[in-house]
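Participant: Turn this into a model:
(one chain, ligands or ions: 2)
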Amino acid sequence: MAEVSVKNVTKKFGNFTALDDVSMEFPDGGFFALLGPSGSGKTTLLRTIAGFLFADSGSIHIGNKSVDLIPVEKREIGMMFQNYALFPNMTIADNVGFGLRVRKVSSDEERRRIGEALELVQLSTLGDRKPHQLSGGQRQRVALARAIVTNPRVLLLDEPLSALDKSLRVDMQVELKRIQHEIGITTIFVTHDQEEALTLSDKIGILREGRMIQSGPPRSVYNNPVDRFTAEFLGDANIVAENDGNGRLNVSGNPSIKIPKGAETASALAVRPESLSISATEPKQEGLSKVHGRLVQRMFAGAMSTCIVQCGSHTYKMVARDQDVPNLSEGENIWLSWKSAQTIVIP
Ligand SMILES: Nc1ncnc2c1ncn2[C@@H]1O[C@H](COP(=O)(O)OP(=O)(O)OP(=O)(O)O)[C@@H](O)[C@H]1O
Ligand SMILES: [Mg+2]
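Facilitator: Ligands and ions are numbered 1, 2, ... in the order given. Prediction:
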């Protein structure tokens, strides 16, 4: 059952349409990511689900009930805002307990639930400190504890990890997933980080200019993008053929790029950087698509290496484990190849 359903929601600010007929289902207990460029409507969608904004048309359901007429405080939602500012003069414990005091729970229960929430985010010993005495990652966890202390049904997180540096962010991703799993709460989070969305979530939704252009499990959206924007937004994509405007794919005079059956009238073909192989000599196996070009740049990045290859007017990006890139130098003529099954057809 969908814990949260967004049904044909449109939200305007004056003449500007921030959400345009958006629909998406968020099944019970799942972890969902909303992705999209800046200004695409991610925060607006989260705020509409929370009840801080009201849709002009369409409907939001939580559980099986419409919440369209239900105010924020009755929607049983925990929300962590994009700027999650803690109250600087309150202790950590008082920050976490804020939502409980608003709800006027007894002071015994308040103490117990603050204790539980702090334990969940592994900050039990720091309840008496003030926010400025914590690290960035610890403050982020306080904000998370504050969002879950009221036992909400749904957790909404707006770019919860964006203020953290890379290594701390990865630690917090693991932590966030652990906490979400432990309490089994339906979680919708907004991120700018495509990799974060792909690794963490059961399902992702991609917004562009207020429209939900694709949603589904990460692997299926990654492998079957509905359009070129999604293909290029979610990871890197090498566009290997484009429609010539007369309804036919143009492989730029390269007959070694195989057009999958039925894809002759697609708008484009693409291949992911990690699907490409590089070699000094022409690969001869049957069924490979291949292009000839010049290795422009080879970049070592620890476990993986990135190669930039120029093939006529096309620039290709390839990513592989360093040991899988043969001993090739910048400036050499090389071949890139890929299996036909790795060709992404953009409808
Ligand atoms: N209260 C408001 N009044 C007028 N326009 C608004 C208001 N809130 C948001 N907008 C506009 O709606 C659009 C979507 O905003 P939103 O905050 O949802 O974007 P976002 O996807 O969260 O972007 P970001 O990644 O930068 O946080 C933007 O163009 C924004 O300027
Ligand atoms: Mg936003």
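Participant: how about low-confidence regions in the stretch 1-150 of the chain?
Facilitator: 1 (pLDDT under 70).
Participant: who in it is up against ligand 1?
Facilitator: Contact residues (Cβ under 6 Å from any ligand atom) of the stretch 1-150 of the chain with ligand 1: 13, 16, 18, 36, 38, 39, 40, 41, 42, 43, 44, 82. (C-beta placed from N, C-alpha, C; glycine too.)
Participant: repeat that with 5 Å
Facilitator: Selection of the stretch 1-150 of the chain residues close to ligand 1 by Cβ under 5 Å from any ligand atom yields 13, 18, 38, 39, 40, 41, 42, 43, 44.
Participant: Turn these into TSV, including secondary structure and neighbour count.
Facilitator: Shown next, in TSV, are those (DSSP: H, G, I helix; E, B strand; the rest coil; neighbours: other Cβ atoms under 10 Å):
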residue	secondary structure	neighbour count
13	strand	11
18	strand	22
38	coil	7
39	coil	13
40	coil	21
41	coil	24
42	helix	26
43	helix	20
44	helix	21
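Participant: Which residue comes closest to residue 177 once chain neighbours are left out?
Facilitator: residue 200 (5.9 Å; Cβ to Cβ, 6 or more residues apart in numbering).
Participant: One more: residue 27?
Facilitator: residue 2 (5.4 Å).
Participant: before we move on, what about residue 267?
Facilitator: Closest to residue 267 by Cβ to Cβ, 6+ apart is residue 243, at 4.8 Å.
Participant: returning to what we had before: quick one: residues contacting the residue nearest to residue 27.
Facilitator: Counting by Cβ atoms under 8 Å, 6 or more residues apart in numbering, residue 2 touches 25, 26, 27, 28, 61.
Participant: Please save the CA atoms from stretch 270-282 in CSV.
Facilitator: This file holds the C-alpha atoms of stretch 270-282, laid out as CSV (Å, rounded to 0.1, in the frame of the first residue of the first chain):
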residue,chain,number,x,y,z
ALA,A,270,23.6,6.4,-25.6
VAL,A,271,26.1,4.4,-23.8
ARG,A,272,27.3,4.7,-20.2
PRO,A,273,31.0,5.4,-19.5
GLU,A,274,31.4,2.2,-17.6
SER,A,275,30.0,0.1,-20.5
LEU,A,276,32.9,1.0,-22.8
SER,A,277,36.1,-0.9,-23.3
ILE,A,278,39.2,0.6,-24.7
SER,A,279,41.9,-1.1,-26.9
ALA,A,280,44.8,-0.2,-29.1
THR,A,281,43.7,-2.5,-31.9
GLU,A,282,40.3,-3.0,-33.4
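Participant: which other residues reach it?
Facilitator: Defining contact as Cβ under 8 Å, 6+ apart, one finds that stretch 270-282 is touched by 225, 228, 231, 235-240, 283, 289-290, 292, 295, 306-307, 309, 316-320, 324-326, 328, 332-339, 342-344, 346.
Participant: what's across from residue 80 in the sheet?
Facilitator: residue 157 (DSSP bridges).
Participant: do residue 338 as well
Facilitator: Going by DSSP bridges, residue 338 forms beta bridges with residue 289.
Participant: if I pick it, what's in contact with it?
Facilitator: Contacts of residue 338 (Cβ under 8 Å, 6+ apart): 271, 275, 276, 277, 288, 289, 290.
Participant: repeat that with 7 Å
Facilitator: 271, 275, 276, 277, 288, 289 (Cβ atoms under 7 Å, 6 or more residues apart in numbering).
Participant: Same check on residue 95?
Facilitator: 86, 87, 131, 142, 146.
Participant: Nearest spatial neighbour of it, chain-adjacent residues omitted?
Facilitator: residue 86 (4.9 Å).
Participant: circling back to that earlier point, and the contacts of residue 95, which of them are buried?
Facilitator: 86, 131, 142, 146 (16 or more other Cβ atoms under 10 Å).
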